[in-house]
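> Quick one: sequence and predicted model below, then my questions.
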Amino acid sequence: MGTMTYVAPEMITSADTRFQIESDMWSLGVIVFTLLAGRHPFYSSNNTQLFNLIQTCDYQFEPKSIWENVSNDCKDFIEELLEPNKESRLTPV
């Protein structure tokens, strides 16, 4: 199904695991975060903990030394992509 650190919350909780554009947009948020921070927004060596972090959208713009140089627009973009409610998540259209 893919790399667990990129999986969207709805892919964890739904019996329907078909990829949809909302899932791809979530993964884009993870990618942008990772490119800027050099680490994943959600990480645990334990899948249960990892899935909990993803479902609760528990991430931080840390360390400050990296994120203070990132524009608020970019951080807003990430937040709109890493929206746990897929109906509220940023879309490409």
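Yep, that arrived. Keep in mind that this is a model prediction, so the values were computed, not measured. Numbering: from 1, shown residues only.

> Run through the neighbouring helices and strands of the top helix by length along the chain.
When the chain is scanned for its longest helix (criterion: DSSP state H), the result is helix 21-37. Packing partners of helix 21-37 (3 or more Cβ pairs under 8 Å, 6 or more residues apart in numbering; DSSP states H and E): helix 9-13, helix 64-67, helix 72-81. (Each C-beta comes from the backbone N, C-alpha and C, glycine too.)

> now the angle from the last one to helix 21-37?
With axes from the mean of the first three to the mean of the last three Cα atoms, to 10 degrees applied, the angle from helix 72-81 to helix 21-37 works out at 140 degrees.

> contacts for helix 72-81?
Here helix 72-81 makes contact (Cβ atoms under 8 Å, 6 or more residues apart in numbering) with Met25, Trp26, Leu28, Gly29, Val32, Phe33, Leu36, Phe61, Trp67, Arg89, Leu90.

> now those in a markdown table, with pLDDT?
Listed next are the contacts of helix 72-81 as a markdown table, based on pLDDT from 0 to 100:
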| residue | pLDDT |
| --- | --- |
| Met25 | 97 |
| Trp26 | 96 |
| Leu28 | 97 |
| Gly29 | 98 |
| Val32 | 98 |
| Phe33 | 98 |
| Leu36 | 97 |
| Phe61 | 97 |
| Trp67 | 97 |
| Arg89 | 96 |
| Leu90 | 96 |
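
> Apply the buried test to the residues you listed and list what passes.
Met25, Trp26, Leu28, Gly29, Val32, Phe33, Leu36, Phe61, Arg89, Leu90 (16 or more other Cβ atoms under 10 Å).

> For those, please prepare JSON lines with the additional fields distance to Ser45.
Shown next, in JSON lines, are the buried ones among the contacts of helix 72-81 (distance: Cβ to Cβ, whole Å):
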{"residue": "Met25", "distance to Ser45": "26"}
{"residue": "Trp26", "distance to Ser45": "21"}
{"residue": "Leu28", "distance to Ser45": "24"}
{"residue": "Gly29", "distance to Ser45": "22"}
{"residue": "Val32", "distance to Ser45": "23"}
{"residue": "Phe33", "distance to Ser45": "19"}
{"residue": "Leu36", "distance to Ser45": "23"}
{"residue": "Phe61", "distance to Ser45": "22"}
{"residue": "Arg89", "distance to Ser45": "27"}
{"residue": "Leu90", "distance to Ser45": "30"}
